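A.B. asks: Starting from these lines, generate the structure:
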Amino acid sequence: MKFPVTVLLAVGLAFGQTGAPAADSFETLSVQAREAYEADRTDQAVDLYGRALKLKPEWTDGWWALGMLNYERDRYAECRDALTRLTKLDQAAGAGWALLGLCEFRTKQYDLSFEHLKRAHMMVMQGAGGELKANADYHLALLLNRQGAFEVSQAVLINVAPQLRNNKEMMVGGGLACLRMPIFPDEIPSADREVVFLAGRILWDVATEPPQVTETDFATLLAKYPQFPNVHYFYGTYLVAHHPDESAKEFLAELKITPDSVPSKVELVLRYLVEQRIDEAVELAREAVAMSPDSVGTQLALGKALQARGDLKGALAAFLEAKRLDPITPDIRLYLVTVYRQLGTVGPMRKEQSEYERLKTEQKNWP
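C.D. replies: Next comes the predicted model:
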C-alpha cells in the first residue's frame, strides 16, 4: 500500500524542521530525492535519500521518507532500520512508531511490534493520514488477540471500523477476537473462515450500524453456527450492554457447549450480583478461580462477589491477587480503594488512589 505523497510530506513536516542544509551537496541530494519520490522513481529516490542521509544522519524527514519507500517496496527490514533511526532522533514521532511497528510485524518481531504499535496508539499522530493509523491499530489488535486480550482487541477495532467500514480482511481479524481465537487470520482453518467473518462483521455492525442490523446479523450467526465455541458468549456480551436481562441464558447456553468457558462463568457472576443472587455468585466465582487461578477476570469476579456478601478480607485478598497478576491496569486500583475504604484502612486506600491516578495518566488513550 503506497501512501499519498501528501501524507508523506505532511507527516515528515510534523516531526519538526531540520534547519538549513549542512552543505550544498546535501541540499541538492535532498531536493533530487523528493523529486524522484514524487515522480515514482522509487529506486532512484531510495539511492538519493540514502546518500543525503550519509551527509546528514540527523535528518528526520529523510529517515521517514526512506522508511516509507522501503515499506512500499515490501522491504520491511530496511524500513524497520530507517524508522529505528527516526524514532531515536524523535521520540514524539507517532507515525514513525506506527510504521516501525508495522515493519516489525512483517519481520515477525511480535514483541517489539506490540510495544511500538501500542506506543503509537497512545500518541496523537500529527499530520498522519487516517489510513496509516487504522492499519497500525488493526495490527495492534491482532497482537492483542494473539496474547489473549480479546476484549481490548475488540475495543481497538471498534475505533478502526468507522474509518474502514467495508474492510473484509479486518473483519476477519475482528471475528477472531469476538470468538476468542488467539491466532492470526492466516492460521484460521478453512472450515472456520465463514463463522469468523460473520462474527467480525457483527463487530463492525456495532461500530457503524443501528442495533437492528447488528441483531439481524447475530440471528444469522446463531442460526448457522449454534454449536460453535464462543458464539453464544459473544452474543451474551452484546446483550449485557443492550438487553442485560436476557444475557444470562446465553452464557448458560455457552457453558453447555463449552463447559470450561471461564469467561461465561465470570459474566454470570456479574449478572447474579445485579440480581442479588449473592451466594450463587460467590460459588460460581470460586469455581471460576479454581479453573483459572491466574486470570485477572476470575479474581476480580471473586472479589466483587465476596465484597457484596460482606467478606471484606476475602475480597481484599482477591483484589490484591488481581493486582499482582496485572499491576498496570488502573481500574484494579479502584477496587482496592473501595474495599480499603470499607475496612477503614486509610493509608493503603490513599496509596492505591494515588497509583490509580498515576497509571491512568501513563495509560492515556488506552482502552
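
A.B. asks: Tell me the spacing between residue 192 and residue 174.
C.D. replies: 14 Å (C-beta to C-beta, to the nearest Å). Backbone N, C-alpha and C define where each C-beta goes, glycine included.

A.B. asks: Tell me which of the two has more neighbours.
C.D. replies: Neighbours per residue (other C-beta atoms under 10 Å) separate residue 192 from residue 174, with residue 174 holding more: 32 against 16.

A.B. asks: Now do the same contact list for residue 168.
C.D. replies: Neighbour list for residue 168: residue 197 [criterion: C-beta atoms under 8 Å, 6 or more residues apart in numbering].

A.B. asks: can you rerun that using 10 Å?
C.D. replies: Residues near residue 168 by C-beta atoms under 10 Å, 6 or more residues apart in numbering: 197, 200-201, 204.

A.B. asks: got these as CSV, with secondary structure, pLDDT and distance to residue 109 columns?
C.D. replies: Below are the contacts of residue 168 laid out as CSV (DSSP: H, G, I helix; E, B strand; the rest coil; pLDDT from 0 to 100; distance: C-beta to C-beta, whole Å):
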residue, secondary structure, pLDDT, distance to residue 109
197, helix, 98, 28
200, helix, 98, 26
201, helix, 98, 31
204, helix, 97, 29
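
A.B. asks: Columns neighbour count and distance to residue 90 on top of the residues you listed, output as TSV?
C.D. replies: Converted to TSV, those look like this (neighbours: other C-beta atoms under 10 Å; distance: C-beta to C-beta, whole Å):
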residue	neighbour count	distance to residue 90
197	18	39
200	27	35
201	22	39
204	26	34
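
A.B. asks: As CSV, those with distance to residue 49 would be great.
C.D. replies: Formatted as CSV, the contacts of residue 168 follow (distance: C-beta to C-beta, whole Å):
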residue, distance to residue 49
197, 40
200, 38
201, 41
204, 38
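
A.B. asks: Could you list the domains of this protein?
C.D. replies: Domain ranges of the chain: 1-128, 129-209, per automatic domain parsing.

A.B. asks: mind saving the C-alpha coords of the strand or helix carrying residue 241 as CSV?
C.D. replies: If you go by DSSP states H and E, residue 241 is part of helix 231-242. Provided in CSV are the C-alpha atoms of helix 231-242 (Å, rounded to 0.1, in the frame of the first residue of the first chain):
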residue,chain,number,x,y,z
VAL,A,231,-20.8,-17.8,19.6
HIS,A,232,-23.3,-17.7,22.5
TYR,A,233,-20.7,-16.0,24.7
PHE,A,234,-20.2,-13.3,22.1
TYR,A,235,-24.0,-12.7,21.8
GLY,A,236,-24.2,-12.6,25.6
THR,A,237,-21.7,-9.9,25.9
TYR,A,238,-23.7,-7.8,23.4
LEU,A,239,-26.9,-8.4,25.4
VAL,A,240,-25.1,-7.3,28.6
ALA,A,241,-24.8,-3.8,27.1
HIS,A,242,-28.2,-3.7,25.3
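
A.B. asks: Report the mean confidence score over that helix.
C.D. replies: Mean pLDDT, helix 231-242: 98.

A.B. asks: do you know how far residue 92 is from residue 306?
C.D. replies: To residue 306, residue 92 is 45 Å away according to C-beta to C-beta.

A.B. asks: Repeat that for residue 347.
C.D. replies: To residue 306, residue 347 is 22 Å away according to C-beta to C-beta.

A.B. asks: Same question for residue 247.
C.D. replies: Separation of residue 247 from residue 306 (C-beta to C-beta) stands at 22 Å.

A.B. asks: Next: residue 107.
C.D. replies: Computed as C-beta to C-beta, the residue 107 to residue 306 distance reads 47 Å.

A.B. asks: Compare these two (neighbour count), which wins?
C.D. replies: Between residue 107 and residue 306, counting by other C-beta under 10 Å, residue 306 is the more crowded of the two (24 against 13).

A.B. asks: which element is the more buried one on?
C.D. replies: Residue-wise, residue 306 maps onto helix 296-309 under DSSP H and E.

A.B. asks: CA atoms only: put that helix into PDB for me.
C.D. replies: What follows is helix 296-309 as a C-alpha-only set of coordinates in PDB (Å, rounded to 0.1, in the frame of the first residue of the first chain):
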ATOM      1  CA  VAL A 296      -7.400 -11.300  36.400                       C
ATOM      2  CA  GLY A 297     -11.100 -11.600  35.500                       C
ATOM      3  CA  THR A 298     -11.800 -14.500  37.800                       C
ATOM      4  CA  GLN A 299     -10.000 -12.900  40.700                       C
ATOM      5  CA  LEU A 300     -11.900  -9.600  40.200                       C
ATOM      6  CA  ALA A 301     -15.200 -11.500  40.000                       C
ATOM      7  CA  LEU A 302     -14.500 -13.300  43.200                       C
ATOM      8  CA  GLY A 303     -13.500 -10.100  44.900                       C
ATOM      9  CA  LYS A 304     -16.700  -8.400  43.800                       C
ATOM     10  CA  ALA A 305     -18.800 -11.300  45.000                       C
ATOM     11  CA  LEU A 306     -17.200 -11.600  48.400                       C
ATOM     12  CA  GLN A 307     -17.400  -7.800  48.800                       C
ATOM     13  CA  ALA A 308     -21.200  -8.000  48.100                       C
ATOM     14  CA  ARG A 309     -21.500 -10.700  50.700                       C
END
